[in-house]
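Enquirer: sequence plus the predicted model coming up.
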Amino acid sequence: MHLELLSLTDFRSYSEVEIQLVPGGCAFVGPNGQGKTNLVEAIGYVATLGSHRAAGDAPLVRLGAERATVRAGLVRDDRKALVELEIVPGKSNRARINRADVPRAREVLGLLRTVLFAPEDLAIVKGDPSERRRFLDELLTVQSPRMVAVRSEYDRVLKQRNALLKTAGATVRSGKGDLRTLEIWDSHLASSGADLLAARLRLVAELGPLVEKAYDEVSAGGGAATMNYKCSLGPEAALVPDRDLLSAQLLEAISAARSQELDRGVSLVGPHRDDLVLQLGPLPTRGYASHGESWSYALALRLASYNLLRESGDTGMDPVLILDDVFAELDAERRQRLARLVGTAEQVLITAAVPADVPEELAGARYDVMAGEVRRVV
């Protein structure tokens, strides 16, 4: 799969831009602050309905505009598709596929698969557990678009249950509380949480060996990279991707944490409390890995994600690989290794401040980006 068209209206810094893209390497080159990352952010939005830089949609709409539009022309084998997204902060976004309206914007998920590596990915390795949970859940969504509904349901149940816990604690302590409603939400949380937890466990099992291999390739044998899922159920839990077993374990753990949850007014058990433990040898990367090791590990996570999606038998297509300001951070040896590793991708989109940052192996089409304008360099 590859992109042949990207068209933006009132997206970030762009009032209007249209770019014809080609397979192979495509490099967006220009000084910092000229809008290179805005282009790849728009492409990522088509694939995930989210931004790797912003938590909500409001920052994506150009200042002074009411809405933004992103159009992406996709080519898969001999078939083409045009995806159009209208982003309206505070309202439901609208989508069209081949000029036809679809009921929900999430209907476009799965048409475009991307793997995006950006400097912000260092937070996966060095940041809080929420960054690693987000990494897993976003990859799950790209791998299986139905996971959007699973994640939405879990978030909805968690929000409702937390709201109930905040009021239930005081009423229970006064002797007037009734926990029957809370018990219903316990059951909902265990059920939806088991769906999400089972999917994460399967993903970690598939991704682990690919991460180990990718780190070895990126770092040239710089250590054994491993990953383990740390669950709020505790070390004694049977962490197998069996939905019914996980639901029962979650319900039991929720019941055991009842008094603490009522005291604190928050849900203490569930996938929202879990972590992905990343290690180099016997030590966790967080707090122990050097900057170079952390950067290599972050690269390995994205390369492993790319290879996992590429090997998925149900899709038969390469994801579009996006490398946002990556090569400037790498020494010459790592730069060449990475270029060789991704050189077989059907399409690689690169952003760089200067042409020299783009490895020769990936020097395909070049687009100069300056002051909101994008020009193909012949």
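Expert: Arrived safely. Numbering: from 1, shown residues only.

Enquirer: okay, now the unreliable bits of this protein?
Expert: Of all residues in the chain, those with pLDDT under 70 make up the ranges 169-170, 172-178, 313-316, 378.

Enquirer: and for the spatially closest residue to residue 30 that is not a sequence neighbour, the neighbour number?
Expert: The shortest distance from residue 30 to any residue other than its chain neighbours is 3.7 Å, reached at residue 369 (CB to CB, 6 or more residues apart in numbering). Using the backbone N, CA and C atoms, a C-beta is placed for each residue, glycine as well. Summarising burial for residue 369: neighbours were counted as other CB atoms under 10 Å, giving 23.

Enquirer: also residue 171?
Expert: The number of residues packed around residue 171, counting by other CB under 10 Å, is 13.

Enquirer: quick one, phi psi at residue 267?
Expert: When read as degrees, to the nearest 10, the backbone of residue 267 gives phi -80, psi 120.

Enquirer: who's in contact with it?
Expert: Applying CB atoms under 8 Å, 6 or more residues apart in numbering, one finds that residue 267 lies in contact with 158, 161-162, 165, 189, 254, 261, 273.

Enquirer: helices - which of these land there?
Expert: The helices in this structure, assigned by DSSP state H, contain 158, 161-162, 165, 189, 254, 261 from the contacts of residue 267.

Enquirer: number of nearby residues for residue 262?
Expert: Here the neighbour count serves as a burial measure; for residue 262 (other CB under 10 Å) it reads 20.

Enquirer: any idea how far residue 292 is from it?
Expert: Summarising the geometry, the distance separating residue 262 from residue 292, computed by CB to CB, to the nearest Å, is 46 Å.

Enquirer: do the same with residue 233
Expert: From residue 233 over to residue 292 the distance is 35 Å, taken as CB to CB.

Enquirer: for residue 34, same thing?
Expert: With distances taken as CB to CB, residue 34 is found 28 Å from residue 292.

Enquirer: those two - which one has more neighbours?
Expert: residue 34 (20 against 14).

Enquirer: which of the three states applies to that one?
Expert: The local conformation at residue 34, judged by DSSP: H, G, I helix; E, B strand; the rest coil, is coil.

Enquirer: pretty sure it is touching residue 371, no?
Expert: Yes. Counting by CB atoms under 8 Å, residue 34 sits close enough to residue 371 to count as a contact (6.4 Å).

Enquirer: next up, the contacts around residue 110.
Expert: Shown in contact with residue 110 (CB under 8 Å, 6+ apart): residue 145.

Enquirer: and for the one 10 residues further on?
Expert: Contacts of residue 120 were listed using CB under 8 Å, 6+ apart, and they are 52-53.

Enquirer: need the three-state assignment for it.
Expert: Residue 120, by the three-state scheme (three-state DSSP), is helix.

Enquirer: quick one on the thing from earlier: select, from the contacts of residue 267, the two members most distant in space.
Expert: In terms of CB to CB, the contacts of residue 267 reach their longest pairwise distance at 165 and 273, which sit 14.0 Å apart.

Enquirer: quick one: which of those two has more around it?
Expert: Taking other CB under 10 Å, residue 165 and residue 273 do not tie; residue 165 has more neighbours (20 against 16).

Enquirer: against residue 232, how distant is that one?
Expert: Look at residue 165 and residue 232: by CB to CB, they are 16 Å apart.

Enquirer: apart from its chain neighbours, what residue comes closest to the residue positioned nearest the centre of the chain?
Expert: Central residue of the chain (CA atoms, centre = their mean): residue 138, 3.3 Å from the mean position. Nearest residue to residue 138 in three dimensions, chain neighbours excluded: residue 48, at 6.2 Å (CB to CB, 6+ apart).

Enquirer: I figured residue 36 hits residue 351, correct?
Expert: Yes. Residue 36 sits in contact with residue 351 when judged by CB under 8 Å, with a separation of 4.1 Å.

Enquirer: quick one on the thing from earlier: what's near enough to touch the residue nearest to residue 138?
Expert: For residue 48, the residues meeting the contact criterion (CB under 8 Å, 6+ apart) are 109, 114, 138, 141-142.

Enquirer: from these, which ones fall inside strands?
Expert: Among the contacts of residue 48, the subset assigned to strands under DSSP state E consists of residue 114.

Enquirer: now the contacts of residue 48: which count as buried?
Expert: By neighbour count, with 16 or more other CB atoms under 10 Å, the contacts of residue 48 hold 109, 114, 138, 141-142 as buried.

Enquirer: would you tell me which one of those residues comes nearest to residue 193?
Expert: Of the buried ones among the contacts of residue 48, the one sitting nearest to residue 193 (CB to CB) turns out to be residue 141, at 17.0 Å.

Enquirer: distance of the closest one relative to residue 308?
Expert: Taking CB to CB as the criterion, residue 141 is separated from residue 308 by 13 Å.
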